[in-house]
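Peer 1: Below is the structure, and that's it, no one-letter string:
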């Protein structure tokens, strides 16, 4: 019996989860499913331009595991583009990365999902004061 897969750490949960060729009704399309961790692998390697070792560290997986996730994602994307299939992003075995913040006023510590609040001031959920990351 194979061991259950470990949860992969992702820093980005996509808001857009469906892509399809223009001009073809959705009901006529075959769908390929990309997992959230496959999208994260594409984002880290191809969008952020990181080396595989750093990508693997950020996802908390081994480099060979990262390579398998990346190759699976690229293969599905290539198939969808060349054969006119839709891509649906869903599921996977992942956990969303969080950052710990501490309130300057009341010292309350709390977690915020990675990327949430970028460019915006974060407020303490307890006292509404400004917070900083620890």
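Peer 2: Great, that's in hand. Everything numeric in this text was worked out from a predicted model, so none of it was measured.
Peer 1: Who does the residue nearest to residue 122 when sequence neighbours are not counted form a beta bridge with?
Peer 2: Distances taken as CB to CB, 6 or more residues apart in numbering place residue 131 nearest to residue 122, at 4.9 Å, with adjacent residues excluded. Quick note: C-beta positions are derived from backbone N, CA and C, even for glycine. Beta-bridge partners of residue 131, counted by DSSP bridges, are residue 103.
Peer 1: So the chain: which segments form each domain?
Peer 2: 8-96, 98-133 (automatic domain parsing).
Peer 1: and the closest residue to residue 91 other than its chain neighbours, what pLDDT?
Peer 2: Nearest residue to residue 91, sequence neighbours excluded (CB to CB, 6+ apart): residue 35, at 5.6 Å. Looking at residue 35, its pLDDT reads 97.
Peer 1: Quick check: the gap between residue 35 and residue 92.
Peer 2: Here residue 35 is placed at a distance of 3 Å from residue 92 (CB to CB, to the nearest Å).
Peer 1: and what of residue 83?
Peer 2: 23 Å.
Peer 1: Could you do residue 16 as well?
Peer 2: In terms of CB to CB, residue 16 sits 16 Å off from residue 92.
Peer 1: and the longest helix for this protein?
Peer 2: Looking across the chain with DSSP state H, the single longest helix is helix 63-83.
Peer 1: May I see the buried residues of that one?
Peer 2: Buried residues in helix 63-83, counted by 16 or more other CB atoms under 10 Å: 65-67, 69-70, 73, 76-77, 80.
Peer 1: cool, and stretch 86-102?
Peer 2: In stretch 86-102, the ones that count as buried by 16+ other CB under 10 Å are 86-89, 92, 94, 97, 99, 101.
Peer 1: Outside of stretch 43-54 itself, list whatever touches it.
Peer 2: 12, 55, 58-59, 63, 66-67, 70 (CB atoms under 8 Å, 6 or more residues apart in numbering).
Peer 1: again, but for stretch 19-27
Peer 2: 29, 80, 84-87.
Peer 1: picking that back up, got a list of what the residue nearest to residue 122 touches?
Peer 2: 101-104, 122-124.
Peer 1: Just the buried subset of these, please.
Peer 2: Here, 16+ other CB under 10 Å leaves 101, 103, 122, 124 buried among these.
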